[in-house]
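Enquirer: Sequence and predicted model, in that order:
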Amino acid sequence: MMTSCAQEFDAHFDVLVIGAGGCGLVAALAAADTVPSLEIAVVEKLDRMQGNTMLSSGSIPAAGTRFQREAGVDDSTEAFVADLDRVAGAHEAPRLRDRLAGVSAELVEWLADKVGVALSLVKTYKHIGHSVHRLHSPPSRRGADLMNDLLRKVEERDIPVAFGNPVVELIVSPEGAVVGAVTNTPTGERTVIGAGAVILCTNGFGANPSLLRTYCPELAGSPYGGAVGSQGEAIEWGLELGAALANMNGYQAHASLADPHGSLVTWTVVEKGGIVVDSQGRRFGDESIGYSAFAALELAHGGPFYVVADTRVRDVTASGQEEYAELVEHGGVFEATDAKALASRLRMDAGVLASTLEAAAASAEGTAADPFGRTAWGLGVLRAPFTATRIGPALFHTQGGLQIDDEARVVRTDGTTIPGLYAGGGAAAGISGNRGGQGYMSGNGLLGALGLGYIAGRAAARAVAAPAMPG
């Protein structure tokens, strides 16, 4: 860390946001919305938007929104918290869970009504863990469209975004407050930027093998499908400042990365009744535990794997999700007339695969208990013609990070806050528990990114505009 004083700054802003992902752009907009007169800037190390929000489906979970009321969905903060608690279990950031659930409706309506993000309630699926329909997404189900809406609004507000300007260190005053950051420009020059408040929106550490070995050793050597910029700088900077960490073993994995296409095979295929089989044609777990938790079973079992469904499931899913429809169009989902033809295509024993499909059908019909405990079968029994896609597990993003308080201020190990420093998204602790990928519920990553961006931006703006008096 660099200790400095105001006269050494090359530039100065009221609020400096580090990272131009979903968290960073929302933080900048929230700060500008709270105190319009502030000077706000965003710096981003990559040359364009490439964060995990870009790679997501753009689905934001929120409880009690007007979108839900219009659709007749009865939901509440308490119900949302109960779902999160049931899936994640006990962990190190319960207050953050409550805070994000409580602000979720306000966040979604602000994004839709004031920022102009195209959002609607997803009514065709809930995804694992949610007891009601509460995911709000762009019509395309693409995070890139959400990000484009955010960037457009940032540009309309004349908030500068400097791409290709990685932060290399934070600036700390002699009193221990964070007062800015040092960046390297695209031409290699160092720029010293002062700030009244700094918000870390740098994503997690999924692309940092060393940090993964330390905090998520079970993922060492596993495929990574998240954003390339997730190097964990915020963790390293925070530790230098004495910050506390929380939920460092939490992460979001995904059990169905298309192989070799590399695109995500939506878990809706499974929720509509699909099954996952190994290279022998056998199921090996309850797919309804969710795509993140099921990825752990795949990592322990060894691939390759196939998600098997039928043309009905394929077509219903493709009609509502563009990315899956593109995978179908590009030949990533192949079709077979019957179980024997499917086994031939997958180079499996026809008898084994047929037995697997028959057992799943009996469980879906309710005539036999599923040996793995699955009870939810979507559209029911799979029937020929069948479909299959080769898949594999991958880490998408980490869910642990800097401990923060209710206003997203970074907290030290002694419980005090670091003046001037805020964190959100993958830089901050998540709400998915501390049990690997088992506690992740669909949308937790985006709620942490956009929700904490919203909280941090507003809190930082208020603090800069009206600093608290001593005592």
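Expert: Happy to help now that I have it. Numbering: from 1, shown residues only.
Enquirer: Can you report how many residues neighbour the closest residue in space to residue 450 that isn't next to it in sequence?
Expert: Using C-beta to C-beta, 6 or more residues apart in numbering and skipping the chain neighbours, the partner closest in space to residue 450 is residue 26 (4.9 Å). C-beta coordinates here come from the backbone N, C-alpha and C atoms, glycine included. The tally of other residues near residue 26 (other C-beta atoms under 10 Å) stands at 33.
Enquirer: Could you name the specific helix or strand carrying residue 26?
Expert: helix 22-34 (DSSP states H and E).
Enquirer: after that helix, next one along is what?
Expert: Following helix 22-34 in sequence, per DSSP H and E, is strand 40-43.
Enquirer: got the CA positions of that next one in CSV?
Expert: Taking C-alpha atoms only, strand 40-43 is exported to CSV below (Å, rounded to 0.1, in the frame of the first residue of the first chain):
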residue,chain,number,x,y,z
ILE,A,40,-17.5,9.8,-9.8
ALA,A,41,-15.1,7.7,-11.9
VAL,A,42,-14.7,4.0,-12.7
VAL,A,43,-11.4,2.3,-13.6
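Enquirer: ok, that strand: who's next to it in the sheet?
Expert: Next to strand 40-43 in the sheet, as set by DSSP bridges, lie strand 11-18 (parallel), strand 161-162 (parallel).
Enquirer: ok, and which of these has the densest surroundings?
Expert: Among the strands paired with strand 40-43, ranked by average contacts under mean count of other C-beta atoms under 10 Å, first place goes to strand 11-18 (a mean of 25).
Enquirer: how far does that one sit from the chain's center?
Expert: Relative to its chain's centre, strand 11-18 lies at 25 Å (C-alpha atoms, centre = their mean, to the nearest Å).
Enquirer: Next: stretch 137-145.
Expert: Per C-alpha atoms, centre = their mean, the centroid offset for stretch 137-145 relative to its chain is 14 Å.
Enquirer: How about residues contacting it?
Expert: With contacts defined as C-beta atoms under 8 Å, 6 or more residues apart in numbering, stretch 137-145 is touched by 22, 52-60, 117-120, 122, 146, 149, 320-323, 446.
Enquirer: From these, which land in helices?
Expert: The members of the contacts of stretch 137-145 that map onto helices under DSSP state H are 22, 52-55, 146, 149, 320, 322-323, 446.
Enquirer: what's the single longest strand in the protein?
Expert: strand 386-398 (DSSP state E).
Enquirer: Now do that strand: distance to the chain's middle.
Expert: Counting by C-alpha atoms, centre = their mean, strand 386-398 comes out at 16 Å from the chain centroid.
Enquirer: can you tell me the average pLDDT over it?
Expert: Averaged across strand 386-398, pLDDT comes to 94.
Enquirer: Hmm, residue 328 is touching residue 311, no?
Expert: No. With contact defined as C-beta atoms under 8 Å, residue 328 does not reach residue 311; the gap is 10.2 Å.
Enquirer: if we can go back for a sec, for ChimeraX, what selects the buried ones among the contacts of stretch 137-145?
Expert: In ChimeraX syntax, the buried subset of those is picked out as below (16 or more other C-beta atoms under 10 Å):
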select :22,52,53,54,55,56,57,58,59,60,117,119,122,146,149,320,321,322,323,446
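Enquirer: related to what we said a few turns ago, so which of the ones in helices among the contacts of stretch 137-145 comes closest to residue 418?
Expert: The closest of the ones in helices among the contacts of stretch 137-145 to residue 418 turns out to be residue 22 (C-beta to C-beta; 23.4 Å).
Enquirer: Of the ones in helices among the contacts of stretch 137-145, just say which sits nearest to residue 454.
Expert: For the ones in helices among the contacts of stretch 137-145, the nearest to residue 454 is residue 22 (10.5 Å; C-beta to C-beta).
Enquirer: My read is that that closest one contacts residue 51, right?
Expert: Yes. Residue 22 is in contact with residue 51 according to C-beta under 8 Å; the separation is 6.5 Å.
Enquirer: Overlap in contacts, these two.
Expert: In contact with both residue 22 and residue 51: residue 147, using C-beta under 8 Å, 6+ apart.
Enquirer: I'd like to know which helix or strand in this protein has the lowest mean pLDDT.
Expert: Sorting the helices and strands of the chain by mean pLDDT, DSSP states H and E puts strand 2-3 at the bottom, at a mean of 62.
Enquirer: Relative to residue 227, how far out is residue 292?
Expert: 17 Å (C-beta to C-beta, to the nearest Å).
Enquirer: okay, these two: which has more neighbours?
Expert: Using other C-beta under 10 Å, the more surrounded residue of residue 292 and residue 227 is residue 292, with 31 against 24.
Enquirer: Which residues are in contact with the more buried one?
Expert: Residue 292 sits in contact with 251-255, 432, 437-438, 440, where contact means C-beta under 8 Å, 6+ apart.
Enquirer: next one: residue 366
Expert: Not one residue lies near residue 366 by C-beta under 8 Å, 6+ apart.
Enquirer: Also the one 5 residues further on?
Expert: If a contact means C-beta under 8 Å, 6+ apart, then residue 371 has residue 359 as its contacts.
Enquirer: Over to residue 215?
Expert: Per C-beta under 8 Å, 6+ apart, neighbours of residue 215: 205, 248-249, 398, 400.
Enquirer: if you set the cut-off to 10 Å instead, what comes out?
Expert: Contacts for residue 215 (C-beta atoms under 10 Å, 6 or more residues apart in numbering) come out as 205, 208, 232, 235, 245, 247-251, 398, 400.
Enquirer: and if you look at residue 439?
Expert: 84-91, 129, 247, 249-252, 290, 292-293, 399, 430-433 are the contacts of residue 439 under C-beta under 10 Å, 6+ apart.
Enquirer: hmm, 8 Å instead?
Expert: By C-beta under 8 Å, 6+ apart, the neighbours of residue 439 are 87-89, 91, 250, 399, 432-433.
Enquirer: Next: residue 312.
Expert: 379, 383.
Enquirer: In a helix, it, correct?
Expert: Yes. With DSSP: H, G, I helix; E, B strand; the rest coil as the criterion, residue 312 is part of a helix.
Enquirer: so the residue nearest to residue 450 makes contact with residue 458?
Expert: No. Look at residue 26 against residue 458 with C-beta under 8 Å: they stay out of range, at 10.2 Å.
Enquirer: For residue 352, which non-adjacent residue is spatially closest?
Expert: Residue 352 sits nearest to residue 281 (C-beta to C-beta, 6+ apart), 4.3 Å away.
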